[in-house]
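1. turn this into a model:
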Amino acid sequence: MAKEKSMGMTNRLGSWSFLVGVVLAVLLGLGLTGAYQPQVLWVVFLLGVVVGLLNITSTEVSAFLTSGTVLVLLKGVLTLFVPATMIVALKAVFVLAKQ
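-> Below you'll find the predicted structure:
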């Protein structure tokens, strides 16, 4: 029971990280972050790491990497997807190495 509650919290954290990351990435890409651009850039980067660690399962790797490549249109989205893509790719390499 405790593991199910923990997984629910992890899924929620991953989902919120993605949603907030996308919104901040769009604002960053549109230049609406003003003087806070460096701080927002780091927040988006860290959210990308969280998304890569918590949201993407081994069955979603290929689709995520393909869609991440296509979505890199704005600088902010790039900042979100690059760390997430790196984490997912590393996870995929470790899964392949275990097999």
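2. need the contact list for the nearest residue to Val82 once chain neighbours are set aside.
-> Spatial nearest neighbour of Val82, excluding adjacent residues (Cβ to Cβ, 6 or more residues apart in numbering): Gly48 at 6.7 Å. The way it works is simple: take the backbone N, C-alpha and C, and place the C-beta from them, glycine included. Shown in contact with Gly48 (Cβ atoms under 8 Å, 6 or more residues apart in numbering): Gly21, Thr79, Leu80, Phe81, Val82, Pro83, Ala84, Ile87.
3. highest neighbour count among these?
-> In terms of neighbour count, Leu80 stands highest of those at 32 neighbours, by other Cβ atoms under 10 Å.
4. against Phe64, how distant is it?
-> 12 Å (Cβ to Cβ, to the nearest Å).
5. do the same with Leu74
-> 18 Å.
6. between the two, who's got more neighbours?
-> Phe64 (20 against 15).
7. just for the protein, where's the confidence low?
-> 1-7, 71-73, 75-76 (pLDDT under 70).
8. all strands for it, in order.
-> Secondary structure of the chain, counting by DSSP state E: no strands present.
9. what about the helices in it?
-> 2-29, 37-54, 61-70, 75-98 (DSSP state H).
10. what residues sit buried inside the shortest one?
-> What it means is helix 61-70. Val61, Phe64, Leu65, Gly68 (16 or more other Cβ atoms under 10 Å).
11. what helices or strands is it leaning on?
-> helix 75-98 (3 or more Cβ pairs under 8 Å, 6 or more residues apart in numbering; DSSP states H and E).
12. alpha carbons of the helix it packs on, as PDB, please.
-> What follows is helix 75-98, C-alpha atoms only, in PDB (Å, rounded to 0.1, in the frame of the first residue of the first chain):
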ATOM      1  CA  LYS A  75      14.900  27.800 -27.100                       C
ATOM      2  CA  GLY A  76      12.900  27.200 -23.900                       C
ATOM      3  CA  VAL A  77      11.600  23.800 -25.100                       C
ATOM      4  CA  LEU A  78      15.100  22.900 -26.100                       C
ATOM      5  CA  THR A  79      16.200  23.600 -22.500                       C
ATOM      6  CA  LEU A  80      13.500  21.300 -21.100                       C
ATOM      7  CA  PHE A  81      14.000  18.500 -23.600                       C
ATOM      8  CA  VAL A  82      17.800  18.200 -23.800                       C
ATOM      9  CA  PRO A  83      18.300  17.200 -20.200                       C
ATOM     10  CA  ALA A  84      15.300  14.900 -20.200                       C
ATOM     11  CA  THR A  85      16.500  13.300 -23.500                       C
ATOM     12  CA  MET A  86      19.900  12.800 -22.000                       C
ATOM     13  CA  ILE A  87      18.500  11.100 -18.900                       C
ATOM     14  CA  VAL A  88      16.200   8.900 -21.000                       C
ATOM     15  CA  ALA A  89      19.000   7.900 -23.400                       C
ATOM     16  CA  LEU A  90      21.300   7.000 -20.400                       C
ATOM     17  CA  LYS A  91      18.500   5.000 -18.900                       C
ATOM     18  CA  ALA A  92      18.000   3.100 -22.200                       C
ATOM     19  CA  VAL A  93      21.700   2.400 -22.400                       C
ATOM     20  CA  PHE A  94      21.700   0.900 -18.800                       C
ATOM     21  CA  VAL A  95      18.700  -1.200 -19.700                       C
ATOM     22  CA  LEU A  96      20.500  -2.500 -22.800                       C
ATOM     23  CA  ALA A  97      23.600  -3.200 -20.700                       C
ATOM     24  CA  LYS A  98      21.700  -5.300 -18.200                       C
END
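13. thanks again, I'm all set now.
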